[in-house]
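Peer 1: Mind folding the following:
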Amino acid sequence: MPSLILPAFLILLEIIAFSQVTSMVRSPPSIKKEPPNDELLFQVPRKGETDQPFILQCDADGDPAPAYRWTKNGKEFNWLEQNGRISQRSGSGTLIITAPKNEDAGRYQCFASNKLGTATSNSVNVRKAQMDSFNTDEGPLTTTAEEGAPFKMTCDPPYAYPKPRIYWILSTPQGALLSINSSRMTVDPEGTLWFSNVTRNDRTSEYWYTCTESSAYSLFGGEYRLGSMVSLHVLHTNSSSTAPSLQYVTERNTSALKGSSKSLWCIVGEHPCQRYSGRRRAPFFPLMSNLLTTGRR
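Peer 2: Coordinates of the predicted model:
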């Protein structure tokens, strides 16, 4: 029996020794939660709006537990100097910005350190999302076009980031908004409304052509802005046809990311309207690329 007890005792000692060694193992920090590696948007509230907090995440494993610090635009960032509007989550490096300001924009990076080393997070560009209002002090404008001829209405949208969607609608003095559904009208990427040819039905007496912008940014909650309002007068002519002319074309030298979609624009003015299609010229388009034509674009 003593011969059996001794090996068991030695095994127990080995287990105890191993557990003590394991408990003494230390590890350098390793980032497990971090900001996105490209861009993070925030919104500064306008007068009368509530604050929309945003978070800069930073969590790391490590033994001893790591200490955290942040840099902004390459310099040490002391969030304690922000008058209580920025806090750090307990046991974490995550920053919570409860009352965003314009000055919060910049490039941030988190560092988690202990005596065994330092781990760094992604560097994230924090940028303010913004959608300004149109200047509508001048009120509705009146313009004249010839029947059957190509025509355009320009739009000067205010600053917005991310880039908003620009489109045109019909609006009335009573506040009604109507969509424009005509194959003769196309809005280019800069917001210009192109008429392939003008008809008598395009004239306006009870409504205005109105340039509009909206943002896909979630915090704006589907907001839109109404801008340039135009009343159109149409001059009658006896012309029965208009030769095709290019109204808007994508720049000759343009690029696209592999695997992404790219719109190539070709808007044509003419009367009567025809349908156009594009063709691929090797080697500019890979053989496996998909092409979709949408008539005038």
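Peer 1: Would you mind giving me the confidence score for G191?
Peer 2: As summarised for this prediction, G191 has a pLDDT of 90.
Peer 1: Run through the residues that contact it.
Peer 2: By CB atoms under 8 Å, 6 or more residues apart in numbering, the contact set of G191 is 154-155, 157, 166-167, 211, 213. C-beta here means a position set from N, CA and C on the backbone, and glycine is covered the same way.
Peer 1: quick one, phi/psi of it?
Peer 2: In terms of degrees, to the nearest 10, the main-chain angles of G191 are phi 100, psi 10.
Peer 1: coming back round to it: by neighbours, which of the contacts of G191 wins?
Peer 2: Counting neighbours by other CB atoms under 10 Å, C211 comes out on top of those with 25 neighbours.
Peer 1: So what are the sheet partners of the helix or strand where that one lies and their directions?
Peer 2: In the assignment (DSSP states H and E), C211 maps to strand 208-214. Partner strands and pairing direction for strand 208-214 (DSSP bridges) are strand 165-171 (antiparallel), strand 224-235 (antiparallel).
Peer 1: So which of the ones you listed is nearest N102?
Peer 2: strand 224-235 (20.1 Å; CB to CB).
Peer 1: how's this protein carved up into domains?
Peer 2: 27-128, 131-237 (automatic domain parsing).
Peer 1: of all these, which lies closest to E251?
Peer 2: Of all the domains of the chain, domain 131-237 sits nearest to E251, with 10.7 Å by CB to CB.
Peer 1: Span of the closest one from start to end?
Peer 2: Domain 131-237 has an end-to-end distance of 42 Å (CA to CA, to the nearest Å).
Peer 1: Also stretch 104-121?
Peer 2: Stretch 104-121: ends 18 Å apart by CA to CA.
Peer 1: Next, the buried residues of it.
Peer 2: Buried residues in stretch 104-121, defined by neighbour count with 16 or more other CB atoms under 10 Å: 104-105, 108-114, 119-121.
Peer 1: Select, from those, the two members most distant in space.
Peer 2: A105 and N114 (31.0 Å).
Peer 1: returning to that earlier point: can the strands paired with strand 208-214 go into a markdown table with extra columns for distance to A149 and mean pLDDT?
Peer 2: Below are the strands paired with strand 208-214 laid out as a markdown table (distance: least, CB to CB, whole Å; pLDDT from 0 to 100):
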| stretch | distance to A149 | mean pLDDT |
| --- | --- | --- |
| strand 165-171 | 19 | 93 |
| strand 224-235 | 9 | 91 |
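Peer 1: Any chance of a markdown table for the ones you listed, columns distance to N135?
Peer 2: Output for the strands paired with strand 208-214, formatted as a markdown table (distance: least, CB to CB, whole Å):
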| stretch | distance to N135 |
| --- | --- |
| strand 165-171 | 15 |
| strand 224-235 | 8 |
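Peer 1: What residues sit buried inside stretch 206-223?
Peer 2: Under 16+ other CB under 10 Å, the buried positions of stretch 206-223 are 207-215, 217, 220.
Peer 1: residues contacting the nearest residue to V25 once chain neighbours are set aside?
Peer 2: Nearest residue to V25 in three dimensions, chain neighbours excluded: D63, at 7.5 Å (CB to CB, 6 or more residues apart in numbering). Neighbouring residues of D63 by CB under 8 Å, 6+ apart: 25-27, 114.
Peer 1: wait, which of the contacts of G191 is closest to I86?
Peer 2: Using CB to CB, E213 is the member of the contacts of G191 that sits closest to I86, with 31.8 Å.
Peer 1: isn't that closest one right next to E223, touching?
Peer 2: No - in this structure, E213 is not within contact of E223 by CB atoms under 8 Å, at 9.3 Å.
Peer 1: Touching both of these two, which residues are there?
Peer 2: M131.
Peer 1: how far away is K115 from A67?
Peer 2: 10 Å (CB to CB, to the nearest Å).
Peer 1: thinking again about what came up before, how far out from the middle of the chain is the strand holding C211?
Peer 2: The chain centroid and the centroid of strand 208-214 are separated by 21 Å under CA atoms, centre = their mean, to the nearest Å.
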